[in-house]
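1. need coordinates for the below:
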Amino acid sequence: MANHRSILLIYTGGTIGMVENPASGALEALDFTYLYDNVPELRRIGCEISVEQLTPPIDSSAITPQIWEQIATIIETNYDLFDGFVVLHGTDTMSYTASALSFMLEGLSKPVVFTGSQLPIGKLRTDGKENLITAIEIAAATLPDGQPRVPEVTIFFENYLMRANRACKVSADQFNAFASFNYPELAYAGIDIRYNDKMIYREEKPRGLKVNKDFDPNVVILKLFPGITPEVVEAILGVPRLKGVVLETFGSGNAPKADWFIEALSRALARGVVIVNVTQCPRGYVDMGRYATGHGLQEIGLVSGFDSTTEAALTKLMHLIGLGYSSEQIRELMGCSLRGEISIDGAHESFYHGIFKQRG
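-> The predicted structure follows:
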């Protein structure tokens, strides 16, 4: 890691920012203005660290697209002033926020590393210090030519660096709280930090940062289960102003073949609602051509989310709807890899570049 790299630390809230009051024993929010006093190890990293805090700090269960916009605006405003960014965030919705930022930050060429902790940074056994220190080291890391080592939005947690829009929270009470099931980790932090350089996302022709802050919240996640009733499905699909649905199906994209179910989906599609099919399984992908049940969904116009996480599919859908694309364009773009969020063979890339060229 090169010395004198500059890193902006953005504290949004969450467990990592809590310290214990020595008098009362109560947990209180850490004033990150005094970061070096609480984490003196940071003085040895060899880079300059500045801090921005959301006021007041936001519990991650209360995160909204408006908070995503605030974080993106901080990065946009400071983009030319710093070499990398570390975002401290509560774990419960970190994968949603990090996925959203990956789509918002078009043309990103600098590291944006999300991290947090399961125990407050002021606790004796905290995982917060190690996560914070390593996240900063990764944000400051460079290639031999001086270029950033990891110029994409990522999550670092308990030894592993993961692409943000490939990661999801998998444990409520373990230090290894996040996993990337369908894409290899980008780095492993042991005695040394070992980078998986071949898997790191880089813009082929960086056009400079463009921050897209428009999100449309008129979307929903519909998770199927045995015994789901017509009333439940129709109530969800009939929500006023609904524009997008992430449908969590069984296995490789299967769902009931009942006439009422197919008809309910068809009515929503006819209204212009975009429905994206993702699997409930943490590992694997949607293949609607594998079984007759999935093929029926494909025939009526559902989009395959392939190996997207639910978090990535949802935030991507909100992002594309917010940009004002037509339902047809959104369906096409949901099948394209915009920021490495799905594994595809590039068949749709020409369409993707054409749409974004039109938008300018």
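
2. is it true that S102 touches H319?
-> No: counting by C-beta atoms under 8 Å, S102 stays clear of H319, with 9.4 Å between them. The way it works is simple: take the backbone N, C-alpha and C, and place the C-beta from them, glycine included.

3. which of those two has more residues huddled nearby?
-> Remark: of S102 and H319, S102 carries more neighbours, 28 against 25, as counted by other C-beta atoms under 10 Å.

4. can you confirm the more buried one is in a strand?
-> No: secondary structure of S102 (DSSP: H, G, I helix; E, B strand; the rest coil): helix, not part of a strand.

5. list the contacts of it.
-> 152-153, 163-165, 312, 339, 341 (C-beta atoms under 8 Å, 6 or more residues apart in numbering).

6. closest to I16 out of these?
-> A164 (16.8 Å; C-beta to C-beta).

7. next, count neighbours for that closest one.
-> A164: 32 neighbours (other C-beta under 10 Å).

8. now the closest residue to it other than its chain neighbours: how far from E332?
-> Using C-beta to C-beta, 6 or more residues apart in numbering and skipping the chain neighbours, the partner closest in space to A164 is A98 (3.5 Å). Separation of A98 from E332 (C-beta to C-beta, to the nearest Å) stands at 25 Å.

9. so between the two, which is more surrounded?
-> A98 (30 against 18).

10. that's a helix at the more buried one, yeah?
-> Yes: A98: assigned to a helix according to three-state DSSP.

11. any idea how far I75 is from it?
-> On the measure of C-beta to C-beta, A98 and I75 end up 12 Å apart.

12. I300 now?
-> Remark: distance between I300 and I75 (C-beta to C-beta) = 40 Å.

13. same question for L30.
-> Using C-beta to C-beta, one gets 22 Å for the distance from L30 to I75.

14. hang on, I10 packs against V86?
-> Yes: with contact defined as C-beta under 8 Å, I10 counts as touching V86 (7.0 Å).

15. more neighbours: which of those two?
-> The residue with more neighbours, out of I10 and V86, is V86; 27 against 22, by other C-beta under 10 Å.

16. list the residues that contact the more buried one.
-> Here V86 is in contact with 7-10, 112-115, 132, 135-136, 139 (C-beta under 8 Å, 6+ apart).

17. 7 Å instead?
-> The contact partners of V86, taken as C-beta atoms under 7 Å, 6 or more residues apart in numbering, are 7, 9, 113, 115, 135-136, 139.

18. one more: L143?
-> R149.

19. what about it, distance to P111?
-> Taking C-beta to C-beta, one finds L143 at 12 Å from P111.

20. give me the distance between the residue nearest the centre of the chain and L314.
-> By C-alpha atoms, centre = their mean, the chain has its centre lying nearest to S99, at 1.7 Å. Between S99 and L314 the computed distance is 8 Å (C-beta to C-beta).

21. quick one, strands of the stretch 1-150 of the chain?
-> According to DSSP state E, counting those that start in this stretch, the stretch 1-150 of the chain carries its strands in the segments 5-11, 18-20, 27-29, 47-53, 84-88, 105-106, 112-115.

22. now the second one: mean pLDDT?
-> Along strand 18-20, the predicted local confidence has a mean pLDDT of 72.

23. the shortest one too?
-> Per-residue pLDDT values over strand 105-106 give a mean of 96.

24. adjacent strands (with direction) for it?
-> Within its sheet, and counting by DSSP bridges, strand 105-106 is paired with strand 210-211 (antiparallel).

25. lovely, talk soon.
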